[in-house]
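In: Here you go, sequence then predicted model.
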Amino acid sequence: MKKWPILIVVALSACASTGIIPTGDGVYMVSKESPGCGFASADDALAQVYKEANAYCSGQGKKLETVSVDNLHGIPFVRCAEADLHFRCV
């Protein structure tokens, strides 16, 4: 039995994340690649970083404040869509 179809599905559904990283002065960063590398929009990755950051802040009883956000649209077979969010919990 060939395992390639299973590996392709797993690779396309994976969503790489840095997790929440403190960058200093109360600012945190989270970065994520969109699932379906190159076939999903950067909006998917952006939604995921906001979801992760909101969960982190709400776990502290605080609200998210965006410091900066960057997102890069994917190109099939070239690069994955990704989003980077720098934020504070206030």
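Out: Sure thing, it's come through.
In: T66 should be in a strand, yeah?
Out: Yes: under DSSP: H, G, I helix; E, B strand; the rest coil, T66 falls within a strand.
In: Give the closest residue to it in space, chain neighbours not counted.
Out: F87 (5.5 Å; Cβ to Cβ, 6 or more residues apart in numbering). All C-beta spots, glycine's among them, are computed from the backbone N, C-alpha and C.
In: The helix or strand hosting that neighbour packs against which elements?
Out: Following DSSP states H and E, one finds F87 within strand 82-89. Applying 3 or more Cβ pairs under 8 Å, 6 or more residues apart in numbering; DSSP states H and E, one finds that strand 82-89 contacts strand 27-33, helix 42-58, strand 64-72.
In: still on that earlier bit, tell me how many other residues crowd the residue nearest to T66.
Out: By other Cβ atoms under 10 Å, the residues close to F87 number 24.
In: Surely A40 touches I75?
Out: No: in this structure, A40 is not within contact of I75 by Cβ atoms under 8 Å, at 11.4 Å.
In: More neighbours: which of these two?
Out: Neighbour totals were compared for A40 and I75, and A40 leads with 19 against 12 (other Cβ under 10 Å).
In: shaky segments in this structure?
Out: 1-15, 35-36, 38-39 (pLDDT under 70).
In: quick one: contacts for A53?
Out: 20, 28, 30, 64, 85, 87 (Cβ atoms under 8 Å, 6 or more residues apart in numbering).
In: what about 6 Å?
Out: When contacts are counted by Cβ atoms under 6 Å, 6 or more residues apart in numbering, A53 touches 30, 64, 85, 87.
In: Mind telling me the two of the residues you listed farthest from one another?
Out: V30 and L64 (10.5 Å; Cβ to Cβ).
In: Once you drop chain neighbours, what's closest to the residue nearest the centre of the chain?
Out: Residue closest to the mean C-alpha point of the chain, counted by Cα atoms, centre = their mean, is K32 at 2.3 Å. Leaving aside its chain neighbours, K32 sits nearest to S17 (4.5 Å; criterion: Cβ to Cβ, 6+ apart).
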